[in-house]
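**Q** The sequence and its predicted three-dimensional model are supplied below.
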Amino acid sequence: MQYTQETVKTLSQCFLQTLAPSPEPRKQAEAFLKQAADQAGYGMVIMQIVCEPSVDEQVRQAAAVNFKNHIKFRWETPDAEAPSAVVAIQEPEKEQIKGAIVNLMLSTPPKIQSQLSEALAIMSQHDFPRKWQSLLPELVRSLSVATDYTVINGILQTANSIFKRFRYEFKSNELFTDLKYCLDGFCVPLTEIFKKTGAVVDANPEAPAVLKLALKCQRLCCRIFYSLNFQDLPEFFEDHIAEWMGEFHKYLQYSNPLLAETDPEKTSVVDDLKAAVCENINLYMEKNEQEFQPYLSQFATDVWSLLMTVSLATSQDRLATTAIKFLTTVSKSVHHVLFADPATLTQICESIVIPNVRIREEDEELFEMNHVEYIRRDVEGSDLDTRRRMACELVKGLSTHYREQVTRMFNGYIQSMLQQFATNPVENWKYKDCAIYLVVSLAPKQASTGAAGTDLVNFEQFFSSQIVPELRSQDVNSNGLLKADALKFLTTFRTQVPKQLTLELMPQLIGFLVAESNVVHSYAALAIEKLLAIKDGKQTRYTAVDLTPFLQPLFANLFGALKLPESQENAYVMRCIMRVLSIADIGPFAAQCLTELANILAEVCKNPSNPSFNHYLFEAVAALLRNACERDAGQVATFENLLFPVFQTVLEQDVTEFAPYVFQIMSQLLESRRPPIPQVYIGFFPVLLTPVLWTRQANVPGLVRLLQAYLQKAPQEINQGNQLTQVLGVFEKLVASKNTDHQGFFILNTVVENLSYEALSPYMLQIWNILFSRLQFRSTVKFIKSLIIFASLFGVKHGPGRVIETINSVQPDLFSTILDKIWIPNLVSISGDIETKLCAVFATMLVTPLFQTSKEVYVGKLMNNVMTLLVKPEEERVEDDKDVPDMDEVAGYVAVYAQLHNAAKKEDDPLKDIKDPKQFVAKTLAEVSQQYRNLSTVLQQGLEPGNMTALGQFCAAYGVTLA
């Protein structure tokens with residue numbers, strides 16, 4: 001693509017249309033731009049549009065956003081094993097973009113500059129520093145000559161984006177090499193600009209325009225300092241610690257009324273800078289305590305004084321939380337003696353903790369107006385550090401060394417708050433809210449179960465006097481915050497509440513499901529769901545029998561809650577529905593629930609927007625299907641009639657988010673069917689083999705599962721329809737990639753289990769060729785284990801002779817080579833009870849044909865590893881598969897594919913008749929030894945002493961002897 005006036009005009013028009021309120025022109029413009037982006041040179045043309053002053057500002061901004069996304073999706077060269085439809089930017093154009101972007105970014109207005117800075121950061125993630133060694137020197141050079149703080153801040157913003165990786169990447173030699181390169185190149189200019197700008201701040205106390213830019217610069221310097229110091233204390237900063245700490249101290253004390261913000265919700269540049277300083281000193285306190293010690297006392301005083309002046313306005317939330325976090329870190333360290341004085345503890349608790357725990361008007365507004373954000377902050381432990389949460393973390397920190405004093409103090413505060421509430425419950429309800437919040441937040445929780453206990457109050461007394469009255473209130477809509485507090489308390493301490501009392505409260509909990517407050521009915525759903533999930537040992541505390549009396553109102557109110565304003569896609573409610581359907585004896589409610597769920601599914605298909613809700617919706621469908629159809633297979637047809645029209649919509653309209661779920665539910669339905677299967681399934685089978693469906697990695701696990709279901713339920717139809725070739729084509733495609741080879745083996749194993757040898761025989765040479773080609777050129781531990789399991793399954797189904805015969809058809813005596821070099825060495829790495837039994841049994845079945853073909857030289861090694869397989873615990877013999885990709889690292893895989901727990905495939909045991917593989921090994925070897933008298937000698941020579949002893953014990957246990 002060339003930069004011409006015609007190109008500029010066309011693209012500018014498209015960028016304008018992408019901002020159109022009407023969807024039709026917007027979609028057309030987006031489609032055109034997507035197509036244009038495939039052309040070489042597109043990125044450079046967009047950059048030129050962005051920097052052209054004569055182009056409309058709106059167009060330039062839209063072009064900058066488009067450029068950033070172009071870089072985001074096309075900069076990285078796609079993996080050769082995971083072909084992508086996206087055309088990547090070619091190397092020559094990449095070099096052009098890298099050469100131009102810094103100057104372009106520094107010459108554009110702030111809104112465009114921020115987009116280009118993000119694009120540069122994305123490029124640097126892939127290329128910096130190894131493939132982009134000119135970047136850092138160019139930034140340093142620009143910084144040294146810049147005098148305009150708008151330009152200086154643009155440079156620092158870019159550096160900040162690049163260096164952020166040092167905060168979150170795992171330690172490695174490569175990371176430290178890159179960090180050293182950045183430190184060597186940027187420490188000196190960073191310190192110089194920080195000190196120089198400090199002088200500008202000191203010299204311009206009455207010039208707010210100058211100060212705002214200067215203080216923004218200092219904040220960016222602080223963020224870069226944080227990134228460069230995060231992994232370890234660099235030598236340069238250790239040598240210059242006094243200069244940096246001196247400036248930090250200055251800014252914690254700095255104030256200037258001219259810089260105050262008039263908007264109470266907007267953070268001032270001074271507070272932004274102070275928060276960044278607090279994060280830096282907290283980092284040094286956590287990681288460089290020894291070097292930081294000379295400055296600790298001064299900073300503790302600074303932060304303490306700061307917190308005494310911080311208001312409760314939302315604009316100062318970040319400053320308050322970062323400052324409290326610093327005190328928390330100090331309270332947990334060896335320097336906790338700074339807080340040892342009882343008067344100091346009292347002042348911290350009364351002047352810092354209690355004011356920040358009290359509910360504010362902004363919190364009440366959030367409760368009423370934005371329930372999603374309120375819940376995210378209140379119960380989900382969001383990344384956002386709220387004042388309330390950080391204040392409670394400070395209490396926990398103080399409790400590390402002063403538990404008795406802190407507990408006694410807060411017990412007194414809580415009792416005082418409850419007394420205040422009792423004097424006037426209507427006016428003083430905030431005191432009770434604060435008391436409940438403290439008890440819940442300060443309760444230590446068990447990591448494994450989430451169960452909580454408390455020593456702040458007498459639990460039984462507090463629950464009966466403060467919580468139960470709120471839960472038993474007849475008016476579910478009065479004082480919603482206290483109702484939400486009570487429900488949250490019940491959820492937190494659910495394991496401590498006696499079962500009988502919980503069941504007595506169940507009608508009230510069900511009533512809260514239709515409360516007008518979104519937070520209240522969400523918390524009610526959360527409480528019921530968490531209660532039903534409690535396990536005492538391995539048994540769930542609440543059974544189907546316990547739930548039966550409540551099912552009618554429970555289902556009515558749960559589905560009713562989904563019809564309330566702003567709760568049509570409430571994930572807490574849907575998760576509760578899923579849990580009830582998993583446990584309850586649904587009986588007469590199955591049809592009602594299915595109709596409701598199918599209607600909801602049809603609605604969300606139109607515009608999927610809430611991934612959590614959608615996941616629990618499909619989980620609920622899967623739970624209902626499993627619960628209903630396992631008891632009455634006749635109900636499968638009802639499910640199909642209601643669900644298939646929705647599934648058809650998903651596939652026809654290409655609702656990509658839902659396709660993986662649809663394939664799983666269809667698998668579940670098909671598996672619930674008894675052969676012969678209805679014609680509608682037979683008709684869908686060719687669609688299942690459509691290549692385009694398999695190009696999306698997110699579809700693959702669900703499609704494989706569905707293909708397995710077809711092979712189990714209709715193997716003859718597939719074979720007679722000459723579709724086995726296409727099935728094996730899918731296997732060949734999947735097994736070629738290390739990301740999906742296990743899925744290919746799932747298909748192959750199911751083919752072997754469900755088709756006769758006559759049907760398989762024509763394909764075996766091709767199958768072995770595919771597998772051995774992959775083994776030769778791109779072998780992995782996972783692939784070899786899957787290969788051994790497949791060959792063992794083929795052998796127990798069709799006999800060891802056919803395994804040997806078909807492998808040797810590829811190349812004479814190839815079986816001996818595979819057995820010696822691949823099979824025997826890797827046999828001990830097999831994991832899983834069924835897989836271990838399968839491989840041990842088949843390996844033992846090989847002993848006779850090995851003697852028959854004079855290959856007994858392999859028997860000793862083979863049986864030694866069989867014994868290891870059966871005797872040694874799995875964790876002692878199986879190493880982690882280093883070559884298995886982390887699911888989080890497989891792009892576009894786990895991000896979209898989610899396994900439905902309630903639709904999980906039942907594991908089939910191909911050797912159901914062999915209960916004990918140890919017995920099989922002992923008896924088989926005893927029988928073989930009758931025919932081949934030298935077997936005992938072969939075993940004694942080949943087995944390790946421990947394994948030989950174990951074999952003797954097997955024989956004794958099962959009453960057999962080796963001849």
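**A** Thanks, I have it. Numbering: from 1, shown residues only.

**Q** For the strand or helix carrying Asn69, buried residues please.
**A** Using DSSP states H and E, Asn69 falls within helix 57-74. Buried residues in helix 57-74, defined by neighbour count with 16 or more other C-beta atoms under 10 Å: 59-71, 73-74. All C-beta spots, glycine's among them, are computed from the backbone N, C-alpha and C.

**Q** Out of the residues you listed, flag the one nearest to Ala759.
**A** Ala759 lies nearest to Phe73 out of the buried residues of helix 57-74, by C-beta to C-beta, at 44.5 Å.

**Q** how much space is there between that closest one and Glu93?
**A** Phe73 sits 15 Å away from Glu93, going by C-beta to C-beta, to the nearest Å.

**Q** quick one on the thing from earlier: which one of the buried residues of helix 57-74 is nearest Val395?
**A** Distances from Val395 to the buried residues of helix 57-74, taken by C-beta to C-beta, are shortest for Lys68, at 43.1 Å.

**Q** separation between the closest one and Ala31?
**A** For Lys68, the distance to Ala31 - C-beta to C-beta - is 19 Å.

**Q** about what we covered before: which strands and helices sit next to the helix holding Asn69?
**A** helix 5-17, helix 42-51, helix 110-127 (3 or more C-beta pairs under 8 Å, 6 or more residues apart in numbering; DSSP states H and E).

**Q** what's the average pLDDT for it?
**A** Helix 57-74 comes out with an average pLDDT of 92.

**Q** Please save the CA atoms from the helix or strand Asp433 falls within in PDB.
**A** Taking DSSP H and E as the criterion, the element that holds Asp433 is helix 429-441. Output in PDB follows, covering the C-alpha atoms of helix 429-441 (Å, rounded to 0.1, in the frame of the first residue of the first chain):
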ATOM      1  CA  TRP A 429     -27.200   2.000  61.100                       C
ATOM      2  CA  LYS A 430     -23.700   2.800  59.900                       C
ATOM      3  CA  TYR A 431     -22.200   1.900  63.200                       C
ATOM      4  CA  LYS A 432     -23.600  -1.700  62.800                       C
ATOM      5  CA  ASP A 433     -22.400  -1.800  59.200                       C
ATOM      6  CA  CYS A 434     -18.900  -0.900  60.400                       C
ATOM      7  CA  ALA A 435     -19.000  -3.500  63.200                       C
ATOM      8  CA  ILE A 436     -20.000  -6.300  60.900                       C
ATOM      9  CA  TYR A 437     -17.400  -5.300  58.300                       C
ATOM     10  CA  LEU A 438     -14.700  -5.400  60.900                       C
ATOM     11  CA  VAL A 439     -15.700  -8.900  62.200                       C
ATOM     12  CA  VAL A 440     -15.900 -10.300  58.600                       C
ATOM     13  CA  SER A 441     -12.800  -8.600  57.300                       C
END
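
**Q** what's the distance between Leu120 and Met105?
**A** Taken as C-beta to C-beta, the span from Leu120 to Met105 is 6 Å.

**Q** Mutual contacts of these two, please.
**A** Both Leu120 and Met105 are contacted by Thr158, under the criterion C-beta atoms under 8 Å, 6 or more residues apart in numbering.

**Q** thinking again about what came up before, the helix holding Asn69 vs helix 42-51, what angle?
**A** 150 degrees (axes from the mean of the first three to the mean of the last three C-alpha atoms, to 10 degrees).

**Q** Now do the contacts for Ile534.
**A** Ile534 neighbours (C-beta under 8 Å, 6+ apart): Arg494, Thr495, Thr540, Arg541, Tyr542.

**Q** what's the answer for Leu748, then?
**A** Neighbours of Leu748 in contact, by C-beta under 8 Å, 6+ apart: Leu728, Phe731, Val735, Ile767, Phe790.

**Q** quick check, nearest of those residues to Gly41?
**A** Out of those, the member with the shortest distance to Gly41 (by C-beta to C-beta) is Val735, at 38.6 Å.

**Q** Which of the three states applies to the nearest residue to that closest one once chain neighbours are set aside?
**A** Using C-beta to C-beta, 6 or more residues apart in numbering and skipping the chain neighbours, the partner closest in space to Val735 is Gly744 (3.4 Å). The three-state label given to Gly744 by DSSP: H, G, I helix; E, B strand; the rest coil is helix.

**Q** sorry, back to before: which residues are contacting the helix holding Asn69?
**A** 11-12, 15-16, 18-19, 33, 37, 42-43, 46-47, 49-50, 52, 55, 86-89, 97, 108-109, 111-112, 115-116, 118-119, 122-123.

**Q** what inclination does that helix have with respect to helix 110-127?
**A** Using the same axes, to 10 degrees: helix 57-74 against helix 110-127 is 10 degrees.
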